[in-house]
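Chemist: quick one, fold the following:
(one chain, ligands or ions: 1)
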Amino acid sequence: MKSWPEPYRIKMVEAIRLPRREERERILREAGYNLFMVRAEDVFIDLLTDSGTGAMSDRQWSALMRGDESYAQARSWFRFYEAVRGFTGMEHVLPTHQGRAAENLLFSQIARPGISIPNNSHFDTTRANIEFFGAEAVDLVIPEGRDIHLDHPFKGNMDLNRLEALLKEKGRKSVPLCMITITNNTGGGQPVSLANIRATGELCRRYGVPLFLDCCRFAENAYFIKLREPECARMSIREIVAAMFACADGATMSAKKDGLGNIGGFLALRDGDLAARLKSMLILKEGFPTYGGLAGRDLEALAQGFEEVQEEDYLEARVGQIARFGEALKGRGVPILEPTGGHAVYLDARGILPHVPAHAFPAQSLTAELYLEGGVRGVEIGSLMFGKTGKDGRFLPAALELVRLAVPRRVYTDNHLGYVAEVTGEIVQNASSCKGFRIVEEAPFLRHFTARLEPLA
Ligand code: F0G
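Modeler: Below is the predicted model:
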């Protein structure tokens, strides 16, 4: 891929510091070898998430000053509303403080025992919100999307055969809503093609089932469509965005990603009756429907962010940076999930630490090594997050052992990421010294956030 430079220059900087090796050893030990427990100021390059961690532009910072903090019908609300209606084409917009609040609101009305909600792959919070209300969350990504080394332009696509089988078997009463996550975060930030979104929308319509987009990274998805779907090569990003949303009846969004903001989200709907019902819940949980848990200045910054994120030269630099990061890692012999997605590179921990068995948490071991070697923070997506203990007491490992290195928007340069690639390359060279970990303390659920571990001798 040709490298397009960032279409902006840096106006303000924030100092970062790499603690000395002995300090890093102490910090990690005190944190129970869990990167969620390490203080952010002790991290040199923080690739834990791309959510809410981006840099705002001068135009967004000036928009903050225009924030209208009136409780009801503030000017900033109308700016936010017009921006969201503009790119989603949906009349009804419910602002929320972040994505999971929009999911909670939606599923509080729709999900209950006996209900199934299909998606290409549910993100953790979406799955948790569905299961919380007693319904079943079903992942139906195409088989290619589950093979981490297979090359395919749209590994986030929905498996239409399996979706149709589910709709046929259960009908609209038991499948009241279908989702597509763009890009598919759980599957590696992989895009979904416009053809697949359209076909899913048509299939859902035949069965009378509304289609919702989980559209956290809608602009990155649109850019991949332009790049990889020949019929869309001549369309503008805004045209592709409009075409994607035209297939959907609703959308949930964490605006902490492609809203280029540090907080915020929304639920957008075409169905006015559903919107009216949800608005009372919105008041109860988030706030009055014209601010929904956000300050007027947040609404302003996001309205501006939704515009900037659809600029093609921004997207070219953004997606290009992730691709170059992937190439730099591969150049140092690091196995990664391919092709690289829109917001992160996923390291194949099983390939990097083949001698560490699943029950000794190879992906968690790799996050510890990344911090020890270079002060880098990534997130484990492996057996610490998804592993279980079976009824017979046997350890059931996760399907994959990955470490996600998510890249915040407009924050790090290629130099920072080159450094991370170098550090990871050194870990690959010295892999045999890492013996794995065991858990010494864990919570009954979502244990990966707070578990304490210790290295195996
Ligand atoms: N949907 C997707 C696809 C996401 O990636 C996220 C968040 C959410 C929903 C929930 O949004 O955090 O604003 O409540 N993903 C972050 C991540 C946390 O690190 O991938 P939220």
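Chemist: from here on, just use CA atoms for contacts and neighbour counts.
Modeler: Noted.
Chemist: grab the nearest non-local neighbour of residue 160.
Modeler: Excluding its sequence neighbours, the residue lying closest to residue 160 (Cα to Cα, 6 or more residues apart in numbering) is residue 200, at 6.7 Å.
Chemist: run through the residues that contact the one you found.
Modeler: 158, 160, 211 (Cα atoms under 8 Å, 6 or more residues apart in numbering).
Chemist: how about the residues of the stretch 251-400 of the chain that lie near the ligand?
Modeler: The stretch 251-400 of the chain has residues 254, 256 near the ligand, with proximity defined as Cα under 6 Å from any ligand atom.
Chemist: all helices for the stretch 251-400 of the chain, in order.
Modeler: Under the criterion DSSP state H, counting those that start in this stretch, the stretch 251-400 of the chain contains helices at 272-285, 296-308, 312-331, 349-352, 362-374, 383-386.
Chemist: dump the ones you listed to JSON lines, plus distance to residue 69.
Modeler: Output for the helices of the stretch 251-400 of the chain, formatted as JSON lines (distance: least, Cα to Cα, whole Å):
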{"stretch": "helix 272-285", "distance to residue 69": "17"}
{"stretch": "helix 296-308", "distance to residue 69": "5"}
{"stretch": "helix 312-331", "distance to residue 69": "30"}
{"stretch": "helix 349-352", "distance to residue 69": "47"}
{"stretch": "helix 362-374", "distance to residue 69": "41"}
{"stretch": "helix 383-386", "distance to residue 69": "40"}
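Chemist: can you put these in a markdown table and add mean neighbour count?
Modeler: As requested, the helices of the stretch 251-400 of the chain are arranged in a markdown table below (neighbours: other Cα atoms under 10 Å):
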| stretch | mean neighbour count |
| --- | --- |
| helix 272-285 | 15 |
| helix 296-308 | 25 |
| helix 312-331 | 20 |
| helix 349-352 | 22 |
| helix 362-374 | 25 |
| helix 383-386 | 22 |
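Chemist: the single nearest residue of the stretch 151-300 of the chain relative to the ligand pairs with what?
Modeler: Closest residue of the stretch 151-300 of the chain to the ligand, Cα to the nearest ligand atom: residue 254 (4.1 Å). When bridges are called by DSSP bridges, residue 254 pairs up with residue 265.
Chemist: isn't it right up against residue 267?
Modeler: No. Contact between residue 254 and residue 267 fails when scored by Cα atoms under 8 Å: they sit 9.2 Å apart.
Chemist: tell me the domain ranges of the chain?
Modeler: Segmentation of the chain into domains, based on automatic domain parsing, reads 21-50+311-455, 58-308.
Chemist: output these in a markdown table; the columns should cover distance to residue 15 and mean pLDDT.
Modeler: Shown next, in a markdown table, are the domains of the chain (distance: least, Cα to Cα, whole Å; pLDDT from 0 to 100):
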| stretch | distance to residue 15 | mean pLDDT |
| --- | --- | --- |
| domain 21-50+311-455 | 10 | 95 |
| domain 58-308 | 19 | 97 |
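Chemist: so can I have TSV of those showing distance to residue 13?
Modeler: Formatted as TSV, the domains of the chain follow (distance: least, Cα to Cα, whole Å):
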stretch	distance to residue 13
domain 21-50+311-455	9
domain 58-308	13
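Chemist: out of these, nearest to residue 11?
Modeler: Checking the domains of the chain against residue 11 by Cα to Cα gives domain 58-308 as the closest, at 8.4 Å.
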